[in-house]
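Colleague: sequence? don't have it. structure:
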């Protein structure tokens, strides 16, 4: 299934009331690759954060206004054909989104976003 998130491919998803697990594939023709590290395209961190917010809107019917990011770490480069799993966990009482992009061998990025609605 293609999403509106710049042609990001969702291979599978599991959604509960406060958690989502999205198995993704990074396509070679992702819009953010154009003109961005031509010899070695990578998914910019700002795009990864954008996807988190957009998926929260899509799967939790929540339109968060992000007020703070904490413990945000970009640990490995996310490249074309990578297949990360994005795990999103929402703590509605604390207005907190926790996210983690990883696969079996690699942690790409993780962090926490505080929001207002």
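Modeller: Looks like it arrived, so ask away. Since the model is a prediction, treat every value here as computed from it, not as a measurement.

Colleague: Break down the chain into its strands, ranges please.
Modeller: 9-15, 19-25, 65-74, 85-91, 96-102, 107-116 (DSSP state E).

Colleague: gap between the residue sitting furthest away from the middle of the chain and residue 100?
Modeller: Distance from the centre of the chain peaks at residue 39, with 23.5 Å (Cα atoms, centre = their mean). In this view, residue 39 and residue 100 are 29 Å apart by Cβ to Cβ, to the nearest Å. (C-beta placed from N, C-alpha, C; glycine too.)

Colleague: First-to-last residue distance for stretch 98-116?
Modeller: With Cα to Cα, to the nearest Å as the measure, stretch 98-116 spans 15 Å from end to end.

Colleague: what's the average pLDDT for that stretch?
Modeller: If you average the pLDDT over stretch 98-116, you get 97.

Colleague: Which residues does that stretch contact?
Modeller: Stretch 98-116 is contacted by residues 45, 48-49, 52-53, 62, 64-78, 82-91, 94-97 when judged by Cβ atoms under 8 Å, 6 or more residues apart in numbering.

Colleague: Narrow those to those that are buried.
Modeller: 48-49, 52-53, 64, 74, 76, 78, 82, 84-88, 90, 95, 97 (16 or more other Cβ atoms under 10 Å).

Colleague: can you list the weak-confidence ranges in the chain?
Modeller: Low-confidence segments of the chain, defined by pLDDT under 70: 1-6, 35-36.

Colleague: please redo it, this time with the cut-off set to 50
Modeller: For the chain, applying pLDDT under 50 flags the ranges 1-5.

Colleague: what about residue 10, distance to residue 20?
Modeller: 10 Å.

Colleague: So for these two, which sits in the more crowded spot?
Modeller: Taking neighbours as other Cβ atoms under 10 Å, residue 10 and residue 20 compare with residue 20 leading, 19 against 15.
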